[in-house]
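Give me a 3D structure for the following:
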Amino acid sequence: MNPANPRKRKFFRLHTLSLRERLPLLICVLLLSLIAVFGSVAWIGVRKASMRAGKERLLSLSSQLSNMFTASATSVKGQLNAAAREQTLLDFLQRGDTDTSLTGGAEGSLAKLIKDTTVRRVELLNDRKIPIASVGESSIDIPRNSVIPENDSAGVGHFYVQRDSIWYPAWSTVKMNGQSKGYIVQWRLVKASPQTIEQFAQLIGAKARVYFGNTDGKFWTDLMGTVKAPGSTNVDAQGIKQYEREGRNAVIAKERTVPGTQWVLLLEFPVSEILSASNQFLYWLIISGLAILIIGIVITRIMSSNITRPLNRLTAAVSAASPENYSFRLREDRTDEIGVLTHAFNEMLGQVKNAHDVLQRKMSEAEQMSEELRELSAHLQDIREEERKHIAREIHDELGQLLTAFKMDISILKKRLGNENLPLVAEQVTDMTNGVDEAIKFVRRLASELRPAILDDLGLVAALEWYTEEFNHRYSIEVDFRVDRQEYMLPAPVVNNLFRIYQESLTNVARHAKATKVVAELRLIEGFICLSLKDNGVGFSGGKNGKKTLGLTGMKERALMIGGRLDIESLPGEGVGVNVSIPLPGDPQQILSEFHVGLNSKS
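The predicted model follows:
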């Protein structure tokens, strides 16, 4: 594989991992799944519980803050109500502002209401809500009609912005005989430092923020300046809102009106602070999960090693098992399934050794028997060739001579009957002569088929060429015989068997191949005498029955008897190829030179 080619890169596959690698991977996946599932469930539960506790705390604190500011407003109204009952203010309102002698006493009563720095101005209004007496800072440019609502004897009013400052009024009605004669208005400055706000937030906890607004929703403040109105989305059944405050993350908030005032109190809790406990829980859950995962992997690694080590020994033993070391045994020091497997393996080795010994003995006997059969077959082939040679010589010499003598006698008889006018006898004599000629030809052909004399007289190449011509003449199948030398100095068994293989191959072509041409070659190739035949017939696929393959088996046996090899190649419709290779004894060039020397000495 070329690592530079990304297309040929092998990807991760589970089946390529060993058992020692799969077990930790499996445990890792299981632990990760369990930690992820149970951790997610636990974290979601803690998150919901934290949010629920935060909302409950938000409701409780907002209620407490509302009550606290209600008590403060009640205290302020109590002070104003007490001042509204002072006789000095009643006399001043009753006589009007024409009596200047009462002005000092009224202002003195009003001055008593400036008790801290947040109270900057106190006014006395007549029944038409027009200031007639005041103490403190200069007047505030706010219409008094909008400050004091109708039919409200005392209260705390809206927030107002005046000269970059936030004010709110507190008032009480001055009554005489149940009728309203005027109003005492106390103007208070909203004044809080960032440190005060931060201390208050720390006192409440969860980094909470408190905002105040008018009941009409048009003004909101954090007691240091104006702020944007809160969001109004995602309001649950308890009236708790959830939105995003500018410059901060998501918050939950609860609005509550402050009784006795025209205010709305808004308490906000950052969601991140509420969920900090669940996030901390998630952090420790992840740390614990990683620790459990690492411990699980280490334990699994140890266990997998304990399991795979004996398996590796078994694998190595199986790989090392050979006929030379079937006698070794693995140590049986375990009582678990691995121990049972080891015991079974040792038993199997013993059985395999016994079976191998029996098989070796039988193979040795079979090889010896096969060798003996091959030697017997070679001996029988030699005897058969000698018998063929003897029979061919006897037929050629004895029967040929008798037929020749018989033909000579017929010729003499024909000459003696030549002067006689016996046409019927002459015809019979002519038929006898023709019959004797045919018999002589048959005897010669039979002797040649049994043992061609040319094979003994002129050698293998001449015999193959002669048989090629005979085959062409008899079957009208073109045989192209090619040879690279005129003759080879070969042992008689090699010559005999090569000739018979050639003869049997051409006979099979004539009987089964339905071929029109055969190409045959005899070559000397790298110390081997090679004979090959290739026809253009129908071929076969290897499904031949036993009767039709006996000839091929005989050809292979002939090649084996002379130390060679015969290969047959064929496919349906592509003909049959027969290739025989026989190793030459000694140096081939030396054999050829000895042959030429032999030819020269004979000449």
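
got the residue ranges for the strands in the stretch 101-250 of the chain?
With DSSP state E, counting those that start in this stretch applied, the stretch 101-250 of the chain shows strands at 119-126, 131-136, 154-156, 160-162, 165-176, 179-189, 209-214, 220-221, 240-244, 250-257, listed in chain order.

buried set for stretch 165-181?
Within stretch 165-181, the residues scored as buried using 16 or more other Cβ atoms under 10 Å are 166-175, 181. For every residue, glycine as well, the C-beta is placed using N, CA and C.

quick revisit: can you convert the strands of the stretch 101-250 of the chain into JSON lines and add a column each for distance to Gln94 and mean pLDDT?
Listed next are the strands of the stretch 101-250 of the chain as JSON lines, based on distance: least, Cβ to Cβ, whole Å; pLDDT from 0 to 100:
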{"stretch": "strand 119-126", "distance to Gln94": "11", "mean pLDDT": "86"}
{"stretch": "strand 131-136", "distance to Gln94": "12", "mean pLDDT": "85"}
{"stretch": "strand 154-156", "distance to Gln94": "20", "mean pLDDT": "85"}
{"stretch": "strand 160-162", "distance to Gln94": "31", "mean pLDDT": "84"}
{"stretch": "strand 165-176", "distance to Gln94": "7", "mean pLDDT": "87"}
{"stretch": "strand 179-189", "distance to Gln94": "7", "mean pLDDT": "86"}
{"stretch": "strand 209-214", "distance to Gln94": "35", "mean pLDDT": "88"}
{"stretch": "strand 220-221", "distance to Gln94": "39", "mean pLDDT": "88"}
{"stretch": "strand 240-244", "distance to Gln94": "51", "mean pLDDT": "85"}
{"stretch": "strand 250-257", "distance to Gln94": "37", "mean pLDDT": "88"}
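
List just the nearest of the buried residues of stretch 165-181 to Ser288.
Nearest to Ser288 among the buried residues of stretch 165-181: Ile166, at 50.9 Å, using Cβ to Cβ.

how near is the closest one to Thr118?
With distances taken as Cβ to Cβ, to the nearest Å, Ile166 is found 11 Å from Thr118.

got it, and Ser172?
Counting by Cβ to Cβ, the gap from Ser172 to Thr118 is 17 Å.

do the same with Phe269
Using Cβ to Cβ, Phe269 is found at 28 Å from Thr118.

for Leu464, same thing?
Taking Cβ to Cβ, one finds Leu464 at 137 Å from Thr118.

Compare these two and say which is more crowded by neighbours.
A direct count of neighbours by other Cβ atoms under 10 Å for Leu464 and Thr118 places Leu464 higher, at 22 against 15.

Please, which helix or strand holds that one?
According to DSSP states H and E, Leu464 maps onto helix 460-475.

Ok, Ser364 next?
Here Ser364 is assigned to helix 337-394, by DSSP H and E.

Report the next helix or strand after that helix in sequence order.
Next along the chain after helix 337-394, taking DSSP H and E as the criterion, comes helix 400-416.

pretty sure Ser570 is touching Val578, no?
No - counting by Cβ atoms under 8 Å, Ser570 does not reach Val578; the two are 9.2 Å apart.

Looking at the two now, which is surrounded by more residues?
The residue with more neighbours, out of Ser570 and Val578, is Val578; 26 against 20, by other Cβ under 10 Å.

pretty sure that one is touching Gly537, no?
No - with contact defined as Cβ under 8 Å, Val578 does not count as touching Gly537 (12.0 Å).

tally of neighbours for Arg141?
For the record, residue 141 is Asp, not Arg. With other Cβ under 10 Å as criterion, Asp141 counts 8.

and it, backbone torsions?
phi -80, psi 70 (degrees, to the nearest 10).

ok, it touching Ser165?
No - between Asp141 and Ser165 there is no contact under Cβ under 8 Å: 11.9 Å.

Low-confidence ranges, the stretch 501-603 of the chain, go.
541-550, 585-603 (pLDDT under 70).

One more pass at 90, please.
Counting by pLDDT under 90, the stretch 501-603 of the chain shows low-confidence ranges at 501, 503-504, 507, 510-514, 524-527, 537, 539-564, 570-575, 584-603.

Show me the domain layout of this structure.
85-189, 332-451, 455-602 (automatic domain parsing).

With distance to Arg301 as extra columns, can I get those domains in a markdown table?
Putting the domains of the chain into a markdown table (distance: least, Cβ to Cβ, whole Å) gives the following:
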| stretch | distance to Arg301 |
| --- | --- |
| domain 85-189 | 69 |
| domain 332-451 | 17 |
| domain 455-602 | 54 |
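
now the strand or helix carrying Leu58 and strand 165-176, what's the angle there?
Assigned by DSSP H and E, Leu58 belongs to helix 19-84. For helix 19-84 against strand 165-176, the angle by axes from the mean of the first three to the mean of the last three Cα atoms, to 10 degrees is 40 degrees.
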